[in-house]
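**Q** Would you be able to build a 3D model of this:
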Amino acid sequence: MIQNKIDINQMRNMKNKKILLLRANFKIQRRNVCPPFGLDFFSFCLKKQDIENDICDMMIDDVDTFMYQKRYDIVIIECFSFDMVKVLNLINRIKQDNDGMKIFSTGNFNPELEEIDHIFSFDEISLFKKLEVESDSEDMLGIWRLNKSLEKKYTILYPVKIYEEVDWRIVITGIGCTNRCYFCSGNIRNAPRERFRAREIDTVIEELKELKKQGVDHITFNDDNLFKDREYSKKLFKRIVYENLKIKWNGHARADQICDERFVRLLKKSGCVLLRIGMETADEKLLKRINKGEDYLKKLKKATRLLKQNNIDYLLLIILGLPDDKIKNIFKTMAFVMKVNPFLIQLHNFVPYEDSEFGKEFGVDNDSYHYQASERSYAKYGAKTQNILFVLFYFLFIVLKLFTLDVFRYIRFFYHNPKKLKHILRP
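**A** Okay, the predicted model is just below:
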């Protein structure tokens, strides 16, 4: 089995093989966003190398029957960190029913998974036009190998134009996460800290340039952990400034990653207009239990102060229904939110990942979703109370904005970012 560490420099030759590019959907969710171009781009790259392939986007319940009928040699699955447990279950079923089939994967996921035969990282997808082909023998698939002389000089060559009006797009600069939040997927949390990959900055810049040519003027950096490598982040955002891209962007952040004033100024200069910060709760005991680190609220106060000073809006992500949470903690969280006065808030009902520590401890309700009314509460209060608190929290936040006349900030935001708010709010 071929596995990667940081970069993959070899890929199997797929010619004369029946290939399926698969996106298996587990639940129709309007907030379920995908990387730019996704499997369509991958399919084009393969076909440019005379490698025929089919694309399938279907519900997971229909995949087994479809796979049995078609009998593919290679399946490339697009998967994301939030659905990795279900993806791995699907992969195991596919391999049991299809002896000899190879499973490749691409997407935003933890890189070290034994069930997967090979992983495509972002740079390999972008480098299809600059690959050499080497066939080892008649009975082997062969190897796709990078031309070393081009390895540091490549650019992304997009295969299609966007003919419809587009002003927002997702970009991913790397995969993996160095944080260890206990409510998160074990595939991310249990990976060794060095097991993450970042794209070459040149490819990110070329992608931003190409998207801007096509009319995109706002980017969401959708990394699991955008600031996982501070030096990489500095180089990337300095390069955005140097290239004078003048493109607005937003992304996720932990409070303890944005407590440096010079770094925050750089973010602003590079076009940052909003950061989504995981606050989760204002109760220190709960923060420790979910492993958010020491003095997290203190760092959050400092981070929000720096963002305000640099005119960067921030959204706080808050979780209701954490294990052993109490009603008084919700009101404590409300009070904290009122004090730091974020531009927006986004509430989540606590639904643990199947392979998370909390999922193993309390079990998982597969029909629940973070943004739906809760049918089960893991907190001291019940599900009905949690749903009432959910509505009350939003109501008090709206009242705060009206009382402080902060609605003018929203008018300014809509004026400068028309048609983008619904996208920025998507996780």
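
**Q** And the pLDDT for residue 419?
**A** We have a pLDDT of 54 for residue 419.

**Q** can you check residue 223 too?
**A** Reading off the model, residue 223 has pLDDT 83.

**Q** Which residues are in contact with it?
**A** By C-beta atoms under 8 Å, 6 or more residues apart in numbering, the contact list for residue 223 reads 108, 172-175, 251-252. C-betas here are computed from N, CA, C, even on glycine.

**Q** Which strand or helix spans it?
**A** Under DSSP states H and E, no helix or strand contains residue 223.

**Q** circling back: now rank the contacts of residue 223 by neighbours and give me the top one.
**A** Among these, residue 175 has the most neighbours (other C-beta atoms under 10 Å), with 26 neighbours.

**Q** on that earlier part again, columns distance to residue 376 and pLDDT on top of the contacts of residue 223, output as a markdown table?
**A** A markdown table is the format used below for those (distance: C-beta to C-beta, whole Å; pLDDT from 0 to 100):
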| residue | distance to residue 376 | pLDDT |
| --- | --- | --- |
| 108 | 28 | 59 |
| 172 | 32 | 81 |
| 173 | 36 | 85 |
| 174 | 35 | 77 |
| 175 | 31 | 70 |
| 251 | 31 | 92 |
| 252 | 26 | 90 |
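
**Q** For residue 279, give me the pLDDT.
**A** In this model, residue 279 is scored at 94, pLDDT.

**Q** now it, what's its secondary structure?
**A** Classification of residue 279 using DSSP: H, G, I helix; E, B strand; the rest coil returns strand.

**Q** Ok, residue 364 next?
**A** Classification of residue 364 by three-state DSSP places it in coil.

**Q** ok, now residue 58?
**A** strand.

**Q** That one bridge partners, please.
**A** Taking DSSP bridges as the rule, residue 58 bridges to residue 24.

**Q** For the stretch 1-150 of the chain, which residues score under the pLDDT cut-off?
**A** 1-15, 26-42, 44-45, 48-49, 80-83, 107-150 (pLDDT under 70).

**Q** that's a helix at residue 305, yeah?
**A** Yes: counting by three-state DSSP, one finds residue 305 located in a helix.

**Q** quick one: which of the contacts of residue 223 sit in strands?
**A** Using DSSP state E, the members of the contacts of residue 223 that fall in strands are 174-175, 251-252.

**Q** Redo those residues as JSON lines? Include distance to residue 258.
**A** Output for those, formatted as JSON lines (distance: C-beta to C-beta, whole Å):
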{"residue": "174", "distance to residue 258": "17"}
{"residue": "175", "distance to residue 258": "21"}
{"residue": "251", "distance to residue 258": "11"}
{"residue": "252", "distance to residue 258": "11"}
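
**Q** Just the buried residues of the helix or strand harbouring residue 84, please?
**A** Following DSSP H and E, one finds residue 84 within helix 84-97. Neighbour counts using 16 or more other C-beta atoms under 10 Å place 84-88, 90-91, 94-95 of helix 84-97 among the buried residues.

**Q** Could you measure from residue 211 over to residue 284?
**A** According to C-beta to C-beta, to the nearest Å, residue 211 and residue 284 sit 42 Å apart.

**Q** go on, residue 303?
**A** Residue 303 is 17 Å from residue 284, by C-beta to C-beta.

**Q** These two: which is more packed in?
**A** More crowded of residue 303 and residue 284, by other C-beta under 10 Å: residue 303, with 23 against 16.

**Q** The residue lying closest to residue 198 once chain neighbours are set aside and residue 227: what is the separation?
**A** Excluding the flanking residues, the one nearest residue 198 by C-beta to C-beta, 6 or more residues apart in numbering is residue 174, at 3.6 Å. Distance, residue 174 to residue 227, using C-beta to C-beta: 10 Å.

**Q** next one: residue 71
**A** Distance of residue 71 to residue 227, given as C-beta to C-beta: 44 Å.

**Q** Neighbour count: those two, which is higher?
**A** Per other C-beta under 10 Å, whichever of residue 71 and residue 227 has more neighbours is residue 227, with 21 against 11.

**Q** which ones are touching the more buried one?
**A** Listed by C-beta under 8 Å, 6+ apart, the contact set of residue 227 reads 233, 253-254, 257-258.

**Q** for residue 270, same thing?
**A** Counting by C-beta under 8 Å, 6+ apart, residue 270 touches 237-238, 240-241, 249.

**Q** Can you tell me what sits against the helix or strand hosting residue 239?
**A** Taking DSSP H and E as the criterion, residue 239 maps to helix 230-242. Residues outside helix 230-242 that contact it (C-beta under 8 Å, 6+ apart) are 173-174, 198, 201, 204-205, 208, 226-227, 247, 257, 263, 266-267, 269-271.

**Q** Pull out the buried members of those residues.
**A** Among those, the ones that count as buried by 16+ other C-beta under 10 Å are 173-174, 198, 201, 204-205, 208, 226-227, 247, 257, 263, 266-267, 270-271.

**Q** of those, closest to residue 67?
**A** residue 174 (31.0 Å; C-beta to C-beta).
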